[in-house]
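Peer 1: everything below, folded, please.
(chains A and B)
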Amino acid sequence: MSSPNLSPSSPIRPLSIGNIVSAGFQLYRSHFKQYLGLACKAVLWAIIPVYGWAKASTINAAISRLAFQDLVNQPESTSTARNQLEPKLWQFLVVQLLVGLILFGVNFGLSIAQAILLGILGGILGAESALIGLVSAITSIVVLVIYIWAYSRFFIPDVVLALENQVDGTKAISRSWELTQGHVLRLQGVVLVAGLITFPLIVLAIIPLILAIASLAAVSVTGGGPDAGAIGLFLISLLVSIGLIIFTSIVTAPFWQAIKAAVYYDLKGRREGMGFKLRDRGTP
Amino acid sequence: MRFFNRITLQTPESVELEFTLAGIGNRALALLIDYMVLLIPFILALFFWLFVADQVLEFFVGVFGRADDVDLWLRAITVLINFVIYEGYFVGFEALWRGQTPGKRYTKIRVLRDDGRPIGIAQATLRALLRPLDDTLFLGMFLIAFGRKEKRLGDWLAGTVVVQDEHPTATAFSTSQAAQDLAVQLLQLADLSHLLPDDFAVIREYLQRRSEMSAKARSEVNLQLARQVKEVILLEKVPSNTTPDLFLEAVYLAYQQQVSK
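Peer 2: Numbers count the residues shown, from 1 in each chain, chains lettered A, B, ... in the order given. This next block holds a predicted model:
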């Protein structure tokens, strides 16, 4: 394999969807302070353009690296992991930009294709046809499915970059593509279940926002125009909600990085049979 | 693996049994599946009940000329039906299917009593009755995520735990006729007694999982394994026309025959 430090003593056992999520959560829980500290640093760096962004994605990838090394029983210290990734700093930015561009391109291309299709149909059937609505609904679902599929294929390039040697940004992206081949549905399951677990936090974060909008709407409906007090209350709830959303994203980011590490672990075991060898007998 | 919490249960006979707890991922996935399955009886019951309720209303209007409070009764019965379906699903499956609902079966987890025995109607009912409370504000999820024994309120009250099913499911794989022929040769040419059960387990696992591997990785892994095995069983020369996969299959079969002798 391309990385010398990936040599666990026994073959990696594939994990089920539920166990990938459980393992990710358990890793996060047992390294809470360490991972959260890194996530905080990443968010602070992300405020600074370009260099800060590269720094932030490197630090996030370091969380995945730490998690994976724990999974294969070769734990690393935070500083070791960060020193290992420091030379690849710009590559992490490359990965982030390229994956962002690819997904944007996929989305953009699909939307254009959909618009053209609907335009042609509209020309043939007339704009009032009920069929247009149906086709529009169906193509929207197809577009979403294709987009999610593409997203799954580019799920783990940063983890690859963080763990494999002699890999640059573009190579890491093609490795992610290669490793996820045939496992898109399982990845969907992982993302769905992990999303379900982070869902309560997100709900709690947006509750003030919903309350604020609702109260503003209520005031403007009954009183003609909102008064200063209502607007003040709205702004305060808005600020609280923004604060909570930032907090939630800091808290959930390490969980997702750990999940990615567990996904990489699982795919590595399944697709590459990592660690398959007979027990050493001590004789050459 | 230490990434899953383990628990030791003491049976009434004072035997200690160790289990791996189900984990938050499996429990969330199982619940998701169960709720999706539950949609089917809910929808069916809704259509059936709408039909029945319509008839009942017509009947009252026809006979008494009015149906004032009937509407309220029908609504109450609707709520009752939904409650029975919801509770019945979990109680029925968990009590009759040895602690498994369809979602739990798919994720290979099951409910046990705190003493390791299978759960009965009483435990299943308590768990199901507290389920709505556990779902409120995701209370149960937080308790499972952060508790040492991963118990939600229903589990605490019913005295149950949710554990992973430990029965390893053997994945079947096929071996070719050529491998069987080669196995017969190997029994004479090589000394299979040097192969330890551990080694055999690795070979078997490779054969089970090889179809999922990428072609490149597979050819790397099987070549490395075949070389190692060849050395271990003191085989001087591999018969011609033998691929590493064929060789490993043959070793697998030969080892089995040797053990069963």
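Peer 1: buried residues in stretch A:27-38?
Peer 2: Within stretch A:27-38, the residues that count as buried by 16 or more other CB atoms under 10 Å in any protein chain shown are A:27-29, A:31, A:35-36, A:38. Heads up, the C-betas are built off the backbone N, CA and C, glycines and all.
Peer 1: just give me the closest of the residues you listed to A:Ile250.
Peer 2: Nearest to A:Ile250 among these, counting by CB to CB, is A:Leu36 at 7.3 Å.
Peer 1: hmm, that closest one is touching A:Pro254, no?
Peer 2: Yes. Counting by CB atoms under 8 Å, A:Pro254 is a contact partner of A:Leu36 at 6.2 Å.
Peer 1: and the stretch 101-250 of chain A, which residues reach chain B?
Peer 2: With CB under 8 Å from any CB of the partner chain as the criterion, the stretch 101-250 of chain A meets chain B at residues A:178, A:181-182, A:189, A:192-194, A:196-197, A:199-200.
Peer 1: just the buried residues of those residues.
Peer 2: With burial judged by 16+ other CB under 10 Å, the buried subset of these is A:178, A:189, A:193-194, A:196-197, A:200.
Peer 1: still on that earlier bit, which of the buried residues of stretch A:27-38 come close to chain B?
Peer 2: Here is what survives when those are matched to chain B using CB under 8 Å from any CB: A:27, A:29.
Peer 1: report the two of the buried residues of stretch A:27-38 separated the most.
Peer 2: Within those, A:Arg29 and A:Leu38 form the most distant pair, 15.3 Å apart (CB to CB).
Peer 1: check which helices and strands the longest helix belonging to chain B sits against.
Peer 2: Among the segments of chain B that qualify as a helix by DSSP state H, the longest is helix B:24-64. Contact here means 3 or more CB pairs under 8 Å, 6 or more residues apart in numbering or on different chains; DSSP states H and E; on that basis helix B:24-64 packs against helix A:17-30, helix A:184-222, helix B:70-96, helix B:102-106, strand B:109-113, helix B:139-146.
Peer 1: and the residue of the stretch 51-200 of chain A found nearest chain B, what does it touch?
Peer 2: Closest to chain B within the stretch 51-200 of chain A is A:Pro200: 3.9 Å, counting by CB to the nearest CB. Taking CB atoms under 8 Å, 6 or more residues apart in numbering or on different chains, we find A:Pro200 in contact with B:137-138, B:141-142.
Peer 1: would you mind checking those residues for buried ones?
Peer 2: Judged by 16+ other CB under 10 Å, buried ones among the contacts of A:Pro200: B:138, B:141.
Peer 1: and of the contacts of A:Pro200, the nearest to chain A?
Peer 2: Minimum distance to chain A across the contacts of A:Pro200 is 3.9 Å, recorded for B:Phe138 (CB to the nearest CB).
Peer 1: how much space separates that closest one from A:Pro200?
Peer 2: According to CB to CB, to the nearest Å, B:Phe138 stands 4 Å off from A:Pro200.
Peer 1: isn't A:Asp227 right up against A:Leu216?
Peer 2: No. At 10.8 Å, A:Asp227 does not count as touching A:Leu216 under the criterion of CB under 8 Å.
Peer 1: what about the strands in the stretch 101-250 of chain B?
Peer 2: Remark: strands assigned in the stretch 101-250 of chain B by DSSP state E, counting those that start in this stretch are B:109-113, B:160-164.
Peer 1: also compute the angle for the last one relative to helix B:139-146, please.
Peer 2: Think strand B:160-164. Interaxial angle, strand B:160-164 versus helix B:139-146 (axes from the mean of the first three to the mean of the last three CA atoms, to 10 degrees): 60 degrees.
Peer 1: distance from strand B:160-164 to the middle of the chain?
Peer 2: 12 Å (CA atoms, centre = their mean, to the nearest Å).
Peer 1: what mean pLDDT does it have?
Peer 2: Taken as a whole, strand B:160-164 carries a mean pLDDT of 95.
Peer 1: the first one too?
Peer 2: Averaging the model's pLDDT scores along strand B:109-113 yields 95.
Peer 1: before we move on, what about stretch A:254-261?
Peer 2: For stretch A:254-261, mean pLDDT is 97.
Peer 1: contact partners of it?
Peer 2: The contact list for stretch A:254-261, computed with CB under 8 Å, 6+ apart, reads A:20-21, A:23-25, A:27-28, A:35-36, A:38-39, A:60-61, A:63-65, A:67-68, A:71, A:155-156, A:158-159, A:190, A:194, A:197-198.
Peer 1: go again using 7 Å as the cut-off
Peer 2: A:20-21, A:24-25, A:27-28, A:35-36, A:38-39, A:60, A:63-64, A:67-68, A:71, A:155-156, A:159, A:190, A:194, A:198 (CB atoms under 7 Å, 6 or more residues apart in numbering or on different chains).
Peer 1: go on, stretch B:101-114?
Peer 2: Identification of contacts with stretch B:101-114 by CB under 7 Å, 6+ apart yields A:16, A:18, B:9, B:22, B:26, B:29-31, B:33-34, B:37, B:90, B:93-94, B:98-100, B:118-119, B:123, B:159-165.
Peer 1: if we can go back for a sec, compare the helices and strands packed on helix B:24-64 and say which comes out lowest on pLDDT.
Peer 2: Lowest mean pLDDT within the helices and strands packed on helix B:24-64: helix A:184-222, at a mean of 85.
Peer 1: quick one, the next helix-or-strand element following it and helix A:184-222 angle?
Peer 2: Next in sequence after helix A:184-222, counting helices and strands by DSSP states H and E, comes helix A:228-272. Counting by the same axes, to 10 degrees, helix A:228-272 points 180 degrees away from the direction of helix A:184-222.
Peer 1: what is the orientation angle of helix A:228-272 with helix B:24-64?
Peer 2: Using the same axes, to 10 degrees: helix A:228-272 against helix B:24-64 is 120 degrees.
Peer 1: report the distance from the helix or strand of chain A with the lowest mean pLDDT to the chain centre.
Peer 2: When the helices and strands of chain A are scored by mean pLDDT, DSSP states H and E, helix A:184-222 comes last with a mean of 85. Here helix A:184-222 is found 17 Å from its chain centre; the criterion is CA atoms, centre = their mean.
Peer 1: buried sites along that helix?
Peer 2: The neighbour-count check on helix A:184-222 (16+ other CB under 10 Å) flags A:184, A:186-191, A:193-194, A:196-198, A:200-201, A:205, A:208-209, A:212, A:216, A:219 as buried.
Peer 1: ok, now stretch A:115-122?
Peer 2: A:118, A:121-122.
Peer 1: between these, which is closest to A:Val142?
Peer 2: Nearest to A:Val142 out of those is A:Leu118 (CB to CB; 12.4 Å).
Peer 1: quick check: closest non-adjacent residue to that closest one.
Peer 2: Computed as CB to CB, 6 or more residues apart in numbering or on different chains, the closest residue to A:Leu118 that is not its neighbour in sequence is A:Ser136, at 5.8 Å.
Peer 1: flag every buried residue along the helix or strand harbouring the one you found.
Peer 2: Element membership for A:Ser136, per DSSP H and E: helix A:130-153. The neighbour-count check on helix A:130-153 (16+ other CB under 10 Å) flags A:132, A:135, A:139, A:143, A:150-153 as buried.
Peer 1: which residues does it contact?
Peer 2: For helix A:130-153, the surrounding residues in contact (CB under 7 Å, 6+ apart) are A:103, A:106-107, A:110-111, A:114, A:117-118, A:121-122, A:125, A:176-177, A:180, A:184, A:187-188.
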